[in-house]
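K.L.:
Can you look at this prediction? I've put the sequence above it.
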Amino acid sequence: MKISDPLREEGKKTMDRRTFLKWTGALGLGLAPLVWVVSGRDGERGRGLVSVTRTRPLMGTLVTVIVLHPSGEKATEAMEGAFGEMEHLIPLLDRHAPETPVSRLNRQGFLKGVPPEVHEVMGHAERLFRLTRGVFDISVKPVLDLFEEFFSRRGRIPPPEEIRLVLKRVGAQHVHRGEKEIRFLREGMEISLDGIAKGYIVERAVARLKALGIQHALINAGGDIQALGDKGNGQPWRIALQDPFERSQTLQVIPLRDGAVATSGDYENFFDAEKKYHHIIDPQTGLSPRRWTSVSVLAPSLTLADGLATATFIPRREETQAFIRAIPGAEVLWVDRQKVQKKSEGWRWS
């Protein structure tokens, strides 16, 4: 997931269909995201609630915010607060722009005066690293850069010796996070927060809505979804998971209230035309796992769901089950390359 917004349109507050299609084309996005909200009839929302919806290009995707409230004015005001929160956080966690905190850390090997938001996200990443027994690792950026360089310039995978060499710079256990400073303990290390930042940003935006008095809302950031409450009538939001092989078809529809869902797929961002080498990297081998085509995670928060959607894509399902059991409320749906669906023990839908 790319955090920066090179195509952001200044001053644009709403998005009509023509603008939506223009941004979809510019960002290279399909009209069918990995996960989307199943629309219902207006009467299905709570009586007396006004629904306000806006879509804007953020974080390299399209972000839709839906707010339900008795006052349309209050709903719109809260929605602007949520978008404002996201716009505040994006440049703090972006690794592409040269003067962001993450970019300075990568360039210098240390960062002093760490913004509290960066400190918090790094803490979430550390916990996921421990929970997943090292599978979720934000320090794989040198491997991603190596693959990007070889495929863009030479059209092929890096040789094994190059991968082994760059793996010496990988290992989140070598990132020291103090109260006022973050420092790399190995030379040449770099991090990417792309596997967790979008979830954190959306989660913070939902928290902003809640602080502004909103009880029923949903944010969909390119298929990463966080729900606040239900639809105001006691009924959950209905979330459709995309079939990774038939992109116009639905794999499953799951109910969601006060929770989050995120999906990772090997078809999202890839280096080669055959999609054998993609943006998810096993930190042990330096290669892209090829066991699964898509993984969807249901979790209490989108920060957690976003990180787990990466982590559960890498090991065998039996290994993943061990750490999923240790995370209350987390469930997983895997789809393998033979189109077979496999579920964690508590995944109840089909």
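P.N.:
Received the coordinates, thanks.
K.L.:
okay, CA-based contacts and neighbour counts for the rest of this
P.N.:
Will do.
K.L.:
report the longest helix in this protein, please.
P.N.:
helix 72-93 (DSSP state H).
K.L.:
Please, where are all the strands along the protein?
P.N.:
Remark: strands assigned in the chain by DSSP state E are 35-37, 50-58, 61-69, 110-112, 175-177, 181-184, 216-221, 224-228, 237-242, 250-256, 260-265, 292-299, 331-336, 341-343.
K.L.:
How about the contacts made by the closest residue to Ser288 other than its chain neighbours?
P.N.:
Using C-alpha to C-alpha, 6 or more residues apart in numbering and skipping residues adjacent in sequence, the residue nearest Ser288 is Ile281, 4.7 Å away. Ile281 sits next to Val140, Val143, Leu144, Leu287, Ser288, Pro289, Ile314 when contact means C-alpha atoms under 8 Å, 6 or more residues apart in numbering.
K.L.:
buried residues in stretch 195-215?
P.N.:
195-206, 208-210, 212, 214-215 (16 or more other C-alpha atoms under 10 Å).
K.L.:
quick check: mean pLDDT across that stretch?
P.N.:
In this model, stretch 195-215 carries a mean pLDDT of 97.
K.L.:
residues making contact with it?
P.N.:
With C-alpha under 8 Å, 6+ apart as the test, stretch 195-215 has contacts from 1, 3, 59, 67-69, 75, 78-79, 81-83, 85-86, 89-90, 93, 121, 125, 138, 217-219, 221, 224, 226-229, 301-307, 310.
K.L.:
My guess is Asp94 contacts Leu105. True?
P.N.:
No. Using C-alpha atoms under 8 Å, Asp94 is not in contact with Leu105; the gap is 11.4 Å.
K.L.:
And the nearest residue in space to Trp349 that is not next to it in sequence, what's its pLDDT?
P.N.:
Among residues not flanking Trp349 along the chain, Ile254 sits closest, at 6.6 Å (C-alpha to C-alpha, 6+ apart). pLDDT for Ile254: 95.
K.L.:
With mean neighbour count and distance to Gly155 as added columns, please give the strands of the chain in JSON lines.
P.N.:
Output for those, formatted as JSON lines (neighbours: other C-alpha atoms under 10 Å; distance: least, C-alpha to C-alpha, whole Å):
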{"stretch": "strand 35-37", "mean neighbour count": "21", "distance to Gly155": "31"}
{"stretch": "strand 50-58", "mean neighbour count": "20", "distance to Gly155": "30"}
{"stretch": "strand 61-69", "mean neighbour count": "22", "distance to Gly155": "26"}
{"stretch": "strand 110-112", "mean neighbour count": "18", "distance to Gly155": "33"}
{"stretch": "strand 175-177", "mean neighbour count": "18", "distance to Gly155": "32"}
{"stretch": "strand 181-184", "mean neighbour count": "19", "distance to Gly155": "31"}
{"stretch": "strand 216-221", "mean neighbour count": "26", "distance to Gly155": "31"}
{"stretch": "strand 224-228", "mean neighbour count": "27", "distance to Gly155": "31"}
{"stretch": "strand 237-242", "mean neighbour count": "22", "distance to Gly155": "30"}
{"stretch": "strand 250-256", "mean neighbour count": "18", "distance to Gly155": "33"}
{"stretch": "strand 260-265", "mean neighbour count": "28", "distance to Gly155": "22"}
{"stretch": "strand 292-299", "mean neighbour count": "25", "distance to Gly155": "23"}
{"stretch": "strand 331-336", "mean neighbour count": "22", "distance to Gly155": "27"}
{"stretch": "strand 341-343", "mean neighbour count": "16", "distance to Gly155": "33"}
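K.L.:
and of these, who's closest to Thr100?
P.N.:
Thr100 lies closest to strand 110-112 among these, at 10.6 Å (C-alpha to C-alpha).
K.L.:
Low-confidence ranges, the stretch 151-300 of the chain, go.
P.N.:
For the stretch 151-300 of the chain, residues meeting the criterion pLDDT under 70 lie at 267-275.
K.L.:
could you redo the last one with a cut-off of 90?
P.N.:
151-157, 179-180, 233, 244-248, 265-280, 288-291, 293 (pLDDT under 90).
K.L.:
Are any of the contacts of Ile281 buried, and if so which?
P.N.:
Val140, Val143, Leu144, Leu287, Ser288, Pro289, Ile314.
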